[in-house]
Every structure is written in C-alpha cells, then in structure tokens.
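Q: Return a 3D structure for these sequence lines:
(4 chains)
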Protein chains: 2
Amino acid sequence: MAMVEYESSLTQTQIVSILRKHDVSSTQQRIEIARIVLSKHQHLSAEQILAMVNTETTKVSKATVYNTLGLFARQGLVRELVIDPNKIFYDSNVSGHHHFYNVDTGELTDISNSDVDVNMLPKAPDGSLIEGVDVIVRIRQASQT
Amino acid sequence: MAMVEYESSLTQTQIVSILRKHDVSSTQQRIEIARIVLSKHQHLSAEQILAMVNTETTKVSKATVYNTLGLFARQGLVRELVIDPNKIFYDSNVSGHHHFYNVDTGELTDISNSDVDVNMLPKAPDGSLIEGVDVIVRIRQASQT
DNA sequence: CTGCTTGCAAAGGCTTTGCAGAACA
DNA sequence: TGTTCTGCAAAGCCTTTGCAAGCAG
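A: Just a heads-up that it's a prediction; the model follows:
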C-alpha cells in the first residue's frame, strides 16, 4: 500500500530503451534513478533524488546517484540547472524552457518557452556557436504591506 | 615597479563614498576589495579576487574576502552570478545585462542589455514580483572541422 | 572606549574519487 | 569470464563560522 505516484508511468522496457538511446547501459540502479527523474518534469536536487530513490525498493548509494546524474547530464538525458549557489538541480525537461526562481524560498518553476520571447541579436563571439539559452527570472515574495 | 592596471581609477574617497551609499562602513580591507571589484566591469570569482587583492600592498584574509563579497552582494554593490556549479562570480556591473557562458572554457562575456530583447509574457506566480531576469547564453567552441 | 571587523583555522555542505566486491553481457 | 558498475568511506572544493585580537568612530 501507499506506493509511488508517478505522473507518467514508464515501463522498465521504455526506460531501458531511453537509456540505450543515450548510450547509457542499463543497470538496476540507473533504471531506478531514471524512473524517478524521467517520469515527471520537475526540478530535483541530487539529495532529493537520493531520498526518493531510497524510499523505494531498491537502495542506491549516494555515490552512485551523484555519478549517475552526472552521466545522465553528459548524455543529455537531463539538464543541469545551476541557479542555486550550493545545489545543482536536475531537470528532466530537456526541451527549451525557462525558470522562475524564488529567491526567498528557493522554489523553481517552469516558464514555458512560448511564454518568453527572446530575440537574440548578438551572435556568439569568435568561432563559437550557441548551445542554449537559459532565462532565469528571479522573483521574490511581494510584500503584503 | 610593474604595478596594477585598473581601467577606471577610483580614489579612496570615491570608494568610501560608494560604500557609504550602500550602508557599508569603510575599512582598509573593504576598500582594497572594492578597488579591485568596482574599478572595472568584469567577472571575478572569490578566489581570483583574493589573489588580486593579495598581489597588492594590503593582505586580506580569505575569510574576509568571502564575507566582504557576500556583504557587497547583499548591499547591491555587486551581483552574484551563479552559472558555474562550483564557483560564484561577482559582477560589478549591477545594471541589467546578460552573459555568454562558454561551457568549454568557462569564460564569461557580457551581452549588453540592448542586444537582448526579452518579452516577458508570464507574470510572477502568487503574490511574487520579478526582481530580475538573468539570461545566460551557453556557447561552445565551434568545431573547426 | 565600545563595537564592528579581521584573521586563523576548523567546520560545513555538496560532490567526486579510490578501490574492492558485485553485477552485467 | 571479462568488463563495467556499485558502494563505502575518505578526500576535495568552495564557502561559512567561532572566537580572540585589532581597528574605526
């Protein structure tokens, strides 16, 4: 009773397929982590993922969680969000979108890409090319007066 | 010989005045740090600032550099840039502008505010208000083929 | 003088690493 | 069976903190 509640339910087979598509070989632990991270679009810290994974059946060590998340990020399965000075957030939504960051609560909220219109005039300097654009809208609790 | 080369030269009096304007009382160390940080628009890590300050006459401890930069940020003298997972950059350019971030080199370059047109459609959720918008354009070395 | 500031070093939080045992193909 | 992966704990990096001595007004 009282089991996990994922929004989208990815089958083990689907997860394995996704991992393989990103050149990540499947292991029990990676599947568990992927299940948490990929099933739902949200922003989780390594610490949170560690906790969520270990609420479940399988126990995964801290080292493996960190290493796996780093691997996932390198392989493009998740996106690393660097917003908070002392925590990396992992976002399974790899497609272009942006974020509200509540500086008071540390809360992170999605902004749909279509809600932000960024007209980039400058081209990347030198011989560099644009890889992505992150827009972080820092918000703060409005004073209730 | 072989002295420092600051772009704009702020006099001690000017620095003191700026600090005071931001409710920061003046001390020898804060003035030294401010001289480095405020004289020129650039992106420096605490580590770099520590090194630059201690190249000079006055020696400032690591703790004081970190604490002072935190203080400066809180008082609006500088802006903390959270872009690199394991380093905070301090930007003396407090006015609205954005950044190129070269993921290969870690290099940070300014984008003038006028070069980016962000049309923010979504309003901040709840009773929150927008404090600022950070746009980070991740760039990467173009493959020379 | 009285309080704020500095500095040293130790502590702290997050993440990475080394290496032996375990799991996978 | 060979290779890759996991896990534990220790190490590492950046930053913060505690507390005594020092400087500012």
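Q: The helix or strand harbouring A:His99 near chain B at all?
A: When secondary structure is defined using DSSP states H and E, the element that contains A:His99 is strand A:98-102. Yes - Strand A:98-102 comes into contact with chain B when judged by Cβ under 8 Å from any Cβ of the partner chain, the residues involved being A:Phe100, A:Asn102. In short, each C-beta sits where N, CA and C put it, glycine included.
Q: got the CA positions of that strand in CSV?
A: Taking Å, rounded to 0.1, in the frame of the first residue of the first chain, the C-alpha atoms of strand A:98-102 are listed here in CSV:
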residue,chain,number,x,y,z
HIS,A,98,13.0,28.6,-18.7
HIS,A,99,12.5,29.2,-15.0
PHE,A,100,11.2,31.3,-12.2
TYR,A,101,13.5,31.2,-9.2
ASN,A,102,12.0,32.3,-6.0
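Q: what mean pLDDT does it have?
A: In this model, strand A:98-102 has a mean pLDDT of 90.
Q: and the gap between A:Asn86 and chain B?
A: If you measure A:Asn86 against chain B using Cβ to the nearest Cβ, to the nearest Å, the figure is 9 Å.
Q: Now that residue: phi and psi?
A: In this entry, A:Asn86 is assigned phi and psi values of phi -130, psi 40 (degrees, to the nearest 10).
Q: Per-residue pLDDT of it, please?
A: Reported pLDDT at A:Asn86 in the predicted model: 84.
Q: how close does it sit to A:Ile130?
A: Counting by Cβ to Cβ, to the nearest Å, the gap between A:Asn86 and A:Ile130 amounts to 28 Å.
Q: repeat for A:Lys123
A: Summarising the geometry, the distance separating A:Lys123 from A:Ile130, computed by Cβ to Cβ, is 8 Å.
Q: Of these two, which one has the most company?
A: For the pair A:Lys123 and A:Ile130, the greater number of neighbours falls to A:Ile130 (15 against 11), based on other Cβ atoms under 10 Å in any protein chain shown.
Q: Please determine whether the strand or helix carrying that one lies in contact with chain B.
A: Using DSSP H and E, the secondary-structure element containing A:Ile130 is strand A:128-141. Yes - Strand A:128-141 comes into contact with chain B when judged by Cβ under 8 Å from any Cβ, the residues involved being A:128-141.
Q: Go through those and name the one nearest A:Tyr66.
A: Nearest to A:Tyr66 among those: A:Asp134, at 22.2 Å, using Cβ to Cβ.
Q: re earlier: as PDB, could you dump the C-alpha coordinates of the strand holding A:Ile130?
A: Taking Å, rounded to 0.1, in the frame of the first residue of the first chain, the C-alpha atoms of strand A:128-141 are listed here in PDB:
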ATOM      1  CA  SER A 128      31.600  29.700 -31.100                       C
ATOM      2  CA  LEU A 129      28.100  28.600 -31.500                       C
ATOM      3  CA  ILE A 130      25.100  29.000 -29.300                       C
ATOM      4  CA  GLU A 131      24.200  25.800 -27.400                       C
ATOM      5  CA  GLY A 132      21.300  27.000 -25.400                       C
ATOM      6  CA  VAL A 133      19.700  30.000 -23.800                       C
ATOM      7  CA  ASP A 134      18.800  29.900 -20.100                       C
ATOM      8  CA  VAL A 135      16.500  32.500 -18.800                       C
ATOM      9  CA  ILE A 136      16.200  32.800 -15.100                       C
ATOM     10  CA  VAL A 137      13.600  35.100 -13.700                       C
ATOM     11  CA  ARG A 138      14.400  35.900 -10.100                       C
ATOM     12  CA  ILE A 139      11.200  36.500  -8.200                       C
ATOM     13  CA  ARG A 140      10.600  37.500  -4.600                       C
ATOM     14  CA  GLN A 141       7.700  37.400  -2.300                       C
END
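Q: Good, we can wrap up now.
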